[in-house]
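# turn this into a model:
(2 chains)
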Amino acid sequence: MKKLFFNITLAILIVAIPYTLQAKVGGLCCNCHTMHNSQGGDPMARGDTGWGGTGGSTDPRPQLLIATCLGCHSSTGGSAVETMADGSKIPIVYNTGGYPDPPLAGGNFYYVSVAGGSDDRKGHNIFSDNSDTLTEAPGLSEFPDTCSGQTDSCHLNLDRPTQYGFSELLPGIKACESCHLHPEHHANDHVHLQGGKVDSYDKGWYRFLLPHGGFANANVDGVEGFEDGDWEHSSGAGDHNEYKGSVVSGSYGFTGLGNTMTAYCTGCHPEFHNVQGALSSPFKRHPSDIVIQNSGEYANAFGAAGSGTGAYDPDFPVARSTVPVSPSSTVTLGSDMVMCLSCHRAHGSQYDSILRWDYKNTDLATAFSGCNKCHTTKN
Amino acid sequence: MAEKLKSLKNMSVMIPLLLIMVVLILIGRDAAIAAGGPYLNSAHGNTSYGVDRVGLYTPTDFGYPMGHCAHCHEQHASICGSEPPPASGSPTAYLIFASGTSQANSFCFRCHRSSTDQQGGMPAQYNYSRMAGGDTTITCPDDIKESFKFVDTAGVPQSNCSSSVGSSHFLVDIKTFLQSKWGWGATVNPCSACHNPHRAKRDPHDTTSGRTDGSGNLIVSAVSRPSAHADLTTWELWGDSAGERMSDYTTDYQAPYRKGFTDKYEPDGSTIYQDGRNLADYVSLCTDCHNSSNTIFSTVLGRNLKTIDWATEVHGNGNADTYITVDAPYTAGSGALGYVLSCLDCHEPHGSPNAFLIREEVNGEAVGVGTITTFSTTDWHLLCDRCHKDDYELTTSCQEDHYYNIHHSTTYGGDPYYTSGSCNSCHGGSGGGSDGCSADRTKKVCTDCHFHGSTHSGHTTF
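Here you go, the predicted model:
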């Protein structure tokens, strides 16, 4: 009996352990960590530079990491995904040689970097070596109380640490971690490269988008979503991220809007939702997390042609009230929502205001191509 | 055989050429379809003269091309982290860059005024008397805001364009009516009662710039019907399609002359088309509001507007009892009985230096500036005379601006129900019966008997 119990236990462990490991970041530990930052007298830290580059500090780093966020997630190459020797994939959000084609879902920081021309309008500016256009986050100037009751932005610029304390997560936080506040690479989310629904702190929240409120709120507040397995490096109607939305009048942040992507954006840009008007026209700002109606010109949105169902376009994502367990290839008019990321990339794009399309193209048909996904008669 | 081979050889060349031509035609057709939808074909979306806000060019050039949405709409009540001029202080409904719906500061007036927010300025926007009537001597008003300045924000006539007795559609009343009649929202701009800013097209009122199709039918329009406004996104233009033109409303429309011509007609100076095919059906547009059932309060007049039943009024679809003498191009005699007028044959759509929005030019000649002052003025003949012959026109021995013949002479289709010998019942004095067109009895004011909705002894008198 003891032998049988041992065998059963062993079988369970054999089956369970690999899944447990796969349900986090994949690959070898040494892909990211070094025990002593030394091998044969040489540092193991990669240097704070993208894949394919050289130089940068090789000093030991917190969490025994061999590189900073950008050290791992940038590349001198043209691809938005780097493949490691063991087959592990790394999403690249900053290609130093040019804007990648295709980019990942969040876009790419290239154009906001010095290499890309330091165009502050084309990305969230996480770099300290380029020029700054903005003095604080847009959508905040009329709004006095988002960060410890202060009247200024938490960050005067994302390349600088937060000005105010507020929680144990914020002091010293800047750049990538301004948004990916606690990168839970080992969170219990889903199989590497396969994607899955992420709806809890245990799973690291969606793309590690945690609240500024600190760990006390981390089990409650965070972004829900479906993480596409390859970060939308390949994408299609049925191959993409999924985002959560919630129709709420006014308000901002997780407390006001729930575990939505828009809630996260309004942490820095509160007015853009809080002062957007009521739940129906006339709006005072272009609404986010508002249902795309199945009537009027919107009945033809996303090619629905009056059917109530359009084709999902990963270049113009929508939010759902409930995040599906797998990507849906349709947009359901009358329930799915327009949100911040329907128009904007999260990291950077080729276009001003980090838009997903060339809103300033001199050919107005091109300039309105994004608008026309919903505003089908404004063409 | 050689001929056959040659023929086959020719065919082998021709077929691919034909195929290429078909493909090119299809591509061209698709390109045309893709070239623009309602907005890009509108005046505001035009890339040559569309919206182009000064504030998006100076002090910072944000790079938005002419016709772009951003010239009117600020997506987040700011651009690039701050609000470009004109800064209005707070986000505005419909995301527009400034608020305002009143007589003095409607949002539309931000550009449709002399000190315009439009880069490079706005071209002159004259009134209907000049644009359709062709009176090029009219230079004021020359922008839309000025057309609405004939009354102040309280609805009181004020000095404007050399007149102190002018009139305008009063925007506050329009807004009130739109809300009560159709439940339009509190933030509605009253200009949108008749104009869809995303579709309205420039109407040049000429025959050379494509305002009509090859058959003379109107294909551009600046107006949309308020009754069709329920769904803003599908709110069509009115007048640019079959069934929406004046010639569709009636077969009895006769276009008036253009100023100074007897061979050119309103509204575009055509020398050919006179049946209203090149004119929007303004009757259906205007009677969405001004009909026999709606009660519309006028702040300007201090009373409810008179109702209009264009189906029965004799200037409308109703027929006069007997023919009267009329001026060309209208035909005198029995043929004159059935004419149906367009509202804009007599009224300005925005504002006028005369009372009741009466045009300063009608049927080819001037009515004058500030001449129609009140409902009871004796000068209404200046308007009526544009189409109805007075006594002098019929007989030079008679008096000018008198209408004895029309009303009392059977020679000219005189009204049959006036009883001979009872002149004094209307004209004072005593008795009568032998008076003629030169009698010096007190002249009646036209509006004593003739106005919208008027009747007399069971007869429709307007």
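# show me what contacts the residue of the stretch 101-250 of chain A at minimum distance from chain B?
Across the stretch 101-250 of chain A, no residue is closer to chain B than residue A:138, which sits at 4.0 Å (Cβ to the nearest Cβ). Where you see a C-beta, it was placed from the backbone N, CA and C, and this is true even at glycine. Residue A:138 makes contact with A:269, A:272, B:76, B:78, B:80, B:81, B:82, according to Cβ atoms under 8 Å, 6 or more residues apart in numbering or on different chains.
# residue A:202 now?
Residue A:202 sits next to A:187, A:188 when contact means Cβ under 8 Å, 6+ apart.
# mind redoing it with 6 Å?
residue A:188 (Cβ atoms under 6 Å, 6 or more residues apart in numbering or on different chains).
# surely it forms part of a helix?
No. Residue A:202: not assigned to a helix; according to DSSP: H, G, I helix; E, B strand; the rest coil it is coil.
# tell me the pLDDT at it?
Listed pLDDT for residue A:202 reads 91.
# show me the shaky parts of chain B.
B:1-35, B:333-336, B:413-417, B:433 (pLDDT under 70).
# which residues in it form strands?
B:167-168, B:297-298, B:303-304, B:351-352, B:361-362, B:365-366, B:455-456, B:459-460 (DSSP state E).
# compare the ones you listed and give me the one nearest residue B:231.
Nearest to residue B:231 among the strands of chain B is strand B:297-298; the distance by Cβ to Cβ comes to 27.6 Å.
# tell me how many other residues crowd the residue in the stretch 301-450 of chain B that chain A sits nearest to.
Closest residue of the stretch 301-450 of chain B to chain A, Cβ to the nearest Cβ: residue B:350 (24.3 Å). Look at residue B:350: counted by other Cβ atoms under 10 Å in any protein chain shown, it has 22 neighbours.
# circling back: could you export the contacts of residue A:138 as TSV, including neighbour count?
Shown next, in TSV, are those (neighbours: other Cβ atoms under 10 Å in any protein chain shown):
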residue	neighbour count
A:269	22
A:272	26
B:76	22
B:78	19
B:80	15
B:81	18
B:82	12
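# inside helices: which ones of those residues?
In helices, judged by DSSP state H, the following of the contacts of residue A:138 are found: residue A:272.
# now for whichever residue of the stretch 151-300 of chain B sits closest to chain A, how many residues are close by?
Minimum separation of the stretch 151-300 of chain B from chain A (Cβ to the nearest Cβ) falls at residue B:233, amounting to 3.4 Å. When neighbours are counted by other Cβ under 10 Å, residue B:233 registers 19.
# ok, back up a step: now, which of the contacts of residue A:138 sits nearest residue B:57?
residue B:80 (13.6 Å).
# show me the contacts for residue A:112.
Contact analysis of residue A:112 by Cβ under 6 Å, 6+ apart lists A:122, A:123, A:125, A:348.
# equivalent analysis for residue B:297, please.
Per Cβ under 6 Å, 6+ apart, neighbours of residue B:297: residue B:304.
# show me what it is bridged to.
Beta-bridge partners for residue B:297, by DSSP bridges, are residue B:304.
# that one and residue B:170: what is the separation?
10 Å (Cβ to Cβ, to the nearest Å).
# measure how buried residue B:386 is and give me the count.
When counting by other Cβ under 10 Å, one arrives at 20 neighbours for residue B:386.
# would you check that the residue of the stretch 151-300 of chain B closest to chain A makes contact with residue A:297?
Yes. Contact criterion Cβ atoms under 6 Å: residue B:233 and residue A:297 qualify, at 3.4 Å.
# between the two, what contacts are shared?
With Cβ under 6 Å, 6+ apart, residue B:233 and residue A:297 have common neighbours residue A:377.
# and the strands in the stretch 101-250 of chain A?
In the stretch 101-250 of chain A, the segments counted as strands under DSSP state E, counting those that start in this stretch are A:196-198, A:225-227, A:242-244.
# just those strands: most buried one?
Ranked by mean neighbour count under mean count of other Cβ atoms under 10 Å in any protein chain shown, these are led by strand A:242-244, which reaches a mean of 26.
# would you check how far apart residue B:131 and chain A are?
Distance, residue B:131 to chain A, using Cβ to the nearest Cβ, to the nearest Å: 27 Å.
# wait, what's in contact with that residue?
residue B:205.
# quick check: end-to-end length of stretch B:455-462?
Here the two ends of stretch B:455-462 are set 7 Å apart, with distance taken as Cα to Cα, to the nearest Å.
# who touches residue A:111 in this structure?
Neighbour list for residue A:111: A:119, A:122, A:123, A:348 [criterion: Cβ under 6 Å, 6+ apart].
# pretty sure residue A:175 contacts residue A:127?
No. Using Cβ under 6 Å, residue A:175 is not in contact with residue A:127; the gap is 7.9 Å.
# any shared contact partners between those two?
Counting by Cβ under 6 Å, 6+ apart, the residues touching both residue A:175 and residue A:127 are residue A:159.
# can you show me the helices along chain B?
Under DSSP H, chain B gives helices at B:2-34, B:128-131, B:144-147, B:171-182, B:246-249, B:282-286, B:381-384, B:391-394, B:404-408, B:424-427.
# alpha carbons only: can I get the last one in PDB?
It refers to helix B:424-427. Taking Å, rounded to 0.1, in the frame of the first residue of the first chain, the C-alpha atoms of helix B:424-427 are listed here in PDB:
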ATOM      1  CA  ASN B 424     -67.000 102.600 -48.000                       C
ATOM      2  CA  SER B 425     -67.100  99.300 -46.100                       C
ATOM      3  CA  CYS B 426     -63.400  99.000 -46.800                       C
ATOM      4  CA  HIS B 427     -62.100 102.300 -48.000                       C
END
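# what's it in contact with?
Contacts for helix B:424-427 (Cβ under 6 Å, 6+ apart): B:430, B:431, B:432, B:441, B:442, B:444.
# go through those and give me the one with the most neighbours.
In the contacts of helix B:424-427, the most neighbours by other Cβ under 10 Å go to residue B:432, 18 neighbours.
# now stretch A:328-345: buried residues?
A:328, A:330-333, A:335-345 (16 or more other Cβ atoms under 10 Å in any protein chain shown).
# contacts only, for residue B:318.
For residue B:318, the contact set (Cβ under 6 Å, 6+ apart) comprises B:312, B:460.
# how much space separates the nearest residue to residue A:134 once chain neighbours are set aside from residue A:136?
Setting aside the residues directly before and after it, residue A:134 is nearest to residue B:81 in space (Cβ to Cβ, 6 or more residues apart in numbering or on different chains), at 4.8 Å. Per Cβ to Cβ, residue B:81 is found 8 Å from residue A:136.
# and if you look at residue A:90?
Residue A:90 is 32 Å from residue A:136, by Cβ to Cβ.
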